[in-house]
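*Asks:* Sequence first, then the predicted structure, then my questions.
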Amino acid sequence: MLAWLRAEGRRLAHTCLWSWQGWAAAWASEKSLRQWSLANVLSAMAAFALPLSPAERAMILALGLLVLAAELANTAIEAVVDFVTPDQHPLAGKAKDCGSAMVAVTAIAAGVAWVVLIWGLIRAA
């Protein structure tokens, strides 16, 4: 049992290290990740400043994190496509466009949530 716990601890440590390396690499090279991170900080500040329920705050914070996850996935897609082929190819373009659309859809979801919450606050006032 102790050996299993040590192995799981090492696996978790490696997973955390690799995740941090991925974040750091994307942060260094992707202006859009830095912009979405700033948007997340501002969104979180607003979520805690406004009279929202814990569930509403959780939804806003989670949607913001999903936007960051989508941006990281888009960065990964673009890196793999660029690694596989430097040439212009319709499938490469499709992959990159779909990655971008993924970020847009998650950002729209976060925006819709904010609009609904703000509308509710206005109506309640």
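*Replies:* Okay, I see it.

*Asks:* For the rest of this, base every contact and every neighbour count on C-alpha atoms.
*Replies:* Noted.

*Asks:* same question for the helix or strand hosting residue 118, mean pLDDT?
*Replies:* Using DSSP states H and E, residue 118 maps to helix 90-124. Helix 90-124 carries an average pLDDT of 97.

*Asks:* Also stretch 33-46?
*Replies:* 98.

*Asks:* Pull out the buried positions in it.
*Replies:* 33, 36, 37, 40, 43, 44 (16 or more other CA atoms under 10 Å).

*Asks:* Going along the chain, name the helices of the chain.
*Replies:* Here the chain has its helices, by DSSP state H, at 2-29, 31-49, 54-84, 90-124.

*Asks:* Tell me which of the ones you listed sits most buried.
*Replies:* Across the helices of the chain, averaging neighbours per residue (mean count of other CA atoms under 10 Å) puts helix 54-84 on top, at a mean of 17.

*Asks:* Please name every helix or strand in contact with that one.
*Replies:* helix 2-29, helix 31-49, helix 90-124 (3 or more CA pairs under 8 Å, 6 or more residues apart in numbering; DSSP states H and E).

*Asks:* So which residue is dead centre in this structure?
*Replies:* When the chain is reduced to its mean C-alpha position, the closest residue under CA atoms, centre = their mean turns out to be residue 68, at 1.5 Å.

*Asks:* Next, the contact list for it, please.
*Replies:* By CA atoms under 8 Å, 6 or more residues apart in numbering, the residues touching residue 68 are 33, 36, 37.

*Asks:* Save those residues as TSV, and put in distance to residue 17 too.
*Replies:* Putting those into TSV (distance: CA to CA, whole Å) gives the following:
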residue	distance to residue 17
33	19
36	22
37	20
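
*Asks:* residue contacts, the residue nearest to residue 107 when sequence neighbours are not counted?
*Replies:* Once flanking residues are discounted, residue 107 sits nearest to residue 67: 5.8 Å by CA to CA, 6 or more residues apart in numbering. Residues near residue 67 by CA under 8 Å, 6+ apart: 36, 103, 106, 107, 110.
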